[in-house]
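>>> below are the sequence and a predicted model for it; my questions follow.
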Amino acid sequence: MKQLLSGNEAIFQGAIRAGATYFAGYPITPSSEILQQAAALAEENPGFRFLQAEDEIAAAIGIISASLAGAKSFTATSGPGFSLMQEALGWGHAVEAPCVFVNSMRVGPSTGMPTQPAQSDLLQIKGGSAGDYYPIAFYPNSVEESFRLTVTAFNAAEESLSPVILLVDALLSHLYEMADLDAIEVAVVPRTKDPLGRSQRLFTGTAHDRMGNVKTNDPEAYRDWLNDLKERHLQAADKYPLYEYIPRKDSETLLIAFGITSRIISSLKERFSIFRPIRIFPVLEKELQEITRPYRHIIVVEGNDGQYASWTECAIHRKVMRVPCLGGGFKFQWIQSQIEERLKEGK
Amino acid sequence: MIDRSYKELLKLGRFPHTWCPGCGIGAVLKNVAMAMKELGWNNQNTSVVSGIGCSGRMAGYMNLDAVHTPHGRALTAAEAIKTVRPDLNVVVLSGDGDLGAIGGNHLLHTSRRNPDITVFCNDNEIYGLTGGQAGPTTPKGTKTVTSPRGEHYQPLRLNRILTTQAPYFYARTTVYHLNHFKTCIREALLWKGFSFVDIISDCIELNGRRLGFKTAHQMFKWFEERFHIAEGVRDHLKDDELGIAKKEVEAEVKVEVEVEQIPEVQIEGLKLFALEELKQFDGTEGRPIYIGYKGKVYDISASPLFQGEKRMRCHIAGKDLTRDIEIAPHGEELLFKFPVVGRLKE
């Protein structure tokens, strides 16, 4: 049955479809609706557990611990809350706990402009916690896709044994669209990791070898451990090389945009080719290299000051042009005029 | 012969452990393991959680599924594990800095939510692992590396914080008062709900020596001077008492609310109004103000809100207001003080 659903509702439904049984969160606009739905479900269904934590730190630690205890778990937050969750995100990678973080982004830094939409937490997925880690992150641009990608995120988490991040635009969180979720068929990867209370394992954020023995001054063991993690994450990510490419034969310009900006500029497909990365991290290097090759100009349109543009430059070893839509200003006419200006100036 | 079977619960293969000679943590680990063994807790029904610090390393030496969390987050992790797996016994082994300072917010809120977990706090009144900085429980005036002229502030009083709301279980003991120590551990493990054992412990290397103690034993003697055991179960402990303060859930005092009897009015003999007729009685031209509610017609001319007016803010006179009052913020009781003058035609 077709229903009018918001992005937040679709995300929650997706999590339930993927088999999530634990939610911990802290209220923050624009993600609070997910928290509210979880609270309502927990009242009805004792199999679903819910914690309204005292802060985002506790929420994030809660879902990782719940995951170790055997539940598929997730949380939802926005930029400032995601900053607090960084500690747990690093820990989640170290203890190999599959779970999903939903980040419905708003303008930053800090409290920013509550609650204007932005796409500015890209660097935060990768660079917020201490040390090296290789998270997987997806980025939907419609209500239906946010449902699909939530399930995909849970699957990728099970395969990579790590936290996976779903980035959403604040606009999409509150955008209502018609969607028929029951008709969508999705494959669900079941939990394979053994829950707590079975043996003598140690789940620790301290560097450890494969047996769980703490190794704090053994570079060799650390390298083995980290390379293991990295390889597993990249392998899991390779299963989801998700992107959308709308080529236009006579165009010399490729527009790169994701999330809500890709929808705002979608009418420009009559003039330009458009590339939309869906797996936002790890960056789709191979695909970007291949697709961008024939184009003279590459313009990245995004709701931040060039975060994805710099990743693209690293991936394709070329300069790209940037159209940063800052401060929640996603106006089509403005974006169009900026693109024209860039093309005229040639930089 | 001494029962040494508790050693099954320890990862002896990882010994020698990381703690300094004379440290109190070893005693905590050993006695907790002994109590668990006595109660038949093992790796199939128990999980331990610890935070960061010297005491945070305890979980790693337990022969159980152990979770070693980031600094201060042990309580949150334990609560989540207990929520998902109520069949597991969850024990937290951590320290005063971890639980009281960086995890202070989690201590407040986890104890408020009262999950069935047991917390053993190795309270050595110092940050040991990082080199002897003043912690949240360091007594006022103590010289440490971050308070070279003596700590300026009063210490955190965990006994006061944790005994504000029933149910609670707070025990204070020391590693020196061994029998008392064992009793507290056992009682805490058996307590249904959030139980907290504040174990006063010694850190000879990074705290004791600066205070002038030469050996751990001198510190134990100092504990004996500072504290005495309070007999019996108390509601609260004084700052120099060792003992158990516990309280079950307070029985909810039922406040008898007087239910106002809704006056039964005989309406059989009263006049029948059709909705059309009712419309005339809207207060204009000196007519009374009538409204309909659940089949009855009330004369609300005396209402100050309708005085001489055809309508007040939300309600219109001369109408059936049954639906209006259902969604109104006030209840129907406002109407019952007005006289019933008739009944509505179906």
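Sure, I can see it. Numbering: from 1, shown residues only, chains lettered A, B, ... in the order given.
>>> what helix or strand is residue A:167 located in?
Residue A:167 is part of strand A:163-169, with elements assigned from DSSP states H and E.
>>> tell me how far the helix or strand following that strand lies from the chain's centre.
Downstream of strand A:163-169, the next assigned helix or strand under DSSP H and E is helix A:170-173. Put simply, helix A:170-173 sits 14 Å off its chain's centre (CA atoms, centre = their mean, to the nearest Å).
>>> what about the strands in chain B?
Under the criterion DSSP state E, strands of chain B are mapped to B:46-50, B:65-68, B:89-95, B:117-123, B:168-174, B:195-200, B:228-229, B:241-247, B:271-273, B:290-293, B:296-299, B:340-344.
>>> and the residue positioned nearest the centre of chain B, how far is that from residue B:162?
In chain B, the C-alpha nearest the mean C-alpha coordinate belongs to residue B:112, at 1.2 Å (CA atoms, centre = their mean). Here the criterion is CB to CB, to the nearest Å. By it, residue B:112 lies 10 Å from residue B:162. (Glycine included, C-beta is placed from N, CA and C.)
>>> quick revisit: I'd guessed the residue nearest to the centre of chain B sits against residue B:165; true?
Yes. Using CB atoms under 8 Å, residue B:112 is in contact with residue B:165, at 6.8 Å.
>>> excluding covalently adjacent residues, which one is nearest to the residue in the stretch 151-300 of chain A that chain B sits nearest to?
Residue of the stretch 151-300 of chain A nearest chain B, by CB to the nearest CB: residue A:204 (3.6 Å). Nearest residue to residue A:204, sequence neighbours excluded (CB to CB, 6 or more residues apart in numbering or on different chains): residue B:68, at 3.6 Å.
>>> do the same with residue B:320
Nearest non-adjacent residue to residue B:320, counting by CB to CB, 6+ apart: residue B:292, 3.7 Å away.
>>> what do you get for residue A:122?
Closest residue in space to residue A:122, ignoring its immediate chain neighbours: residue A:307 at 4.2 Å, by CB to CB, 6+ apart.
>>> quick one: contacts for the residue nearest to the centre of chain B?
Applying CB atoms under 8 Å, 6 or more residues apart in numbering or on different chains to residue B:112 gives the contacts residue B:165.
>>> tell me the spacing between it and residue A:223.
Counting by CB to CB, the gap from residue B:112 to residue A:223 is 44 Å.
>>> residues near the closest residue to residue B:52 other than its chain neighbours, how many?
The shortest distance from residue B:52 to any non-neighbouring residue, by CB to CB, 6+ apart, is to residue B:71 (3.9 Å). Each residue near residue B:71 was counted by other CB atoms under 10 Å in any protein chain shown, and the total is 17.
>>> and if you look at residue A:117?
Residue A:117 has 27 neighbours, counted by other CB under 10 Å.
>>> distance check, it against residue A:29.
For residue A:117, the distance to residue A:29 equals 11 Å [CB to CB].
>>> got any residues that touch both of the two?
Residues touching both residue A:117 and residue A:29 (CB under 8 Å, 6+ apart): A:106, A:170.
>>> can you tell me which residues in chain A are near chain B?
Counting by CB under 8 Å from any CB of the partner chain, the positions of chain A adjacent to chain B are A:21-22, A:24, A:49, A:51, A:53-55, A:57-58, A:61-66, A:68-71, A:87-88, A:90-91, A:95, A:195-206, A:213-214.
>>> ok, of these, which come out buried?
Buried members of the residues of chain A next to chain B, scored by 16 or more other CB atoms under 10 Å in any protein chain shown, are A:21-22, A:24, A:49, A:51, A:53-55, A:57-58, A:61-66, A:68-71, A:87-88, A:90-91, A:95, A:195-197, A:201-205, A:214.
>>> any idea where the strands of the stretch 51-200 of chain A begin and end?
Ranges of strands within the stretch 51-200 of chain A are A:73-77, A:99-107, A:113-117, A:136-138, A:163-169, A:176-179, based on DSSP state E, counting those that start in this stretch.
>>> where among these is average confidence lowest?
When these are compared by mean pLDDT, strand A:113-117 comes last with a mean of 90.
>>> low-confidence stretches in the stretch 1-150 of chain B?
Scanning the stretch 1-150 of chain B for pLDDT under 70 picks out the ranges B:1.
>>> show me which residues of it sit near chain A.
So far as CB under 8 Å from any CB goes, the stretch 1-150 of chain B lies against chain A at B:11, B:14, B:43-47, B:49, B:59-60, B:63-70, B:73, B:76-81, B:83-85, B:87-88, B:105-106, B:108-109.
>>> surely the residue nearest to residue A:204 is in contact with residue A:205?
Yes. The criterion here is CB under 8 Å, and residue B:68 meets it with residue A:205 at 6.5 Å.
>>> quick check: residue B:115 touching residue B:78?
Yes. The criterion here is CB under 8 Å, and residue B:115 meets it with residue B:78 at 7.4 Å.
>>> intersection of neighbour lists for those two?
Shared contacts of residue B:115 and residue B:78, defined by CB under 8 Å, 6+ apart, comprise residue B:90.
>>> between these two, who's got more neighbours?
Between residue B:115 and residue B:78, counting by other CB under 10 Å, residue B:78 is the more crowded of the two (29 against 18).
>>> wait, what's in contact with the more buried one?
For residue B:78, the contacting residues are A:65, B:49, B:90-92, B:110, B:115, B:117, B:119, by CB under 8 Å, 6+ apart.
>>> mind listing what residue 24 touches?
If you meant another chain, say so; for now it's chain A. Applying CB under 8 Å, 6+ apart to residue A:24 gives the contacts A:50-53, A:58-60, A:62-63, A:66, A:73, A:75, B:80.
>>> looking at chain B here, not the other one
Residues counted as contacts of residue B:24 (CB under 8 Å, 6+ apart) are B:122, B:124, B:175, B:199, B:201-203, B:216.
>>> mind putting the residues you listed in JSON lines, neighbour count included?
As requested, the contacts of residue B:24 are exported to JSON lines (neighbours: other CB atoms under 10 Å in any protein chain shown):
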{"residue": "B:122", "neighbour count": "32"}
{"residue": "B:124", "neighbour count": "30"}
{"residue": "B:175", "neighbour count": "25"}
{"residue": "B:199", "neighbour count": "26"}
{"residue": "B:201", "neighbour count": "28"}
{"residue": "B:202", "neighbour count": "28"}
{"residue": "B:203", "neighbour count": "29"}
{"residue": "B:216", "neighbour count": "20"}
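>>> closest to chain A among these?
Minimum distance to chain A across the contacts of residue B:24 is 18.0 Å, recorded for residue B:122 (CB to the nearest CB).
>>> which non-adjacent residue is nearest the closest one?
Among residues not flanking residue B:122 along the chain, residue B:55 sits closest, at 3.9 Å (CB to CB, 6+ apart).
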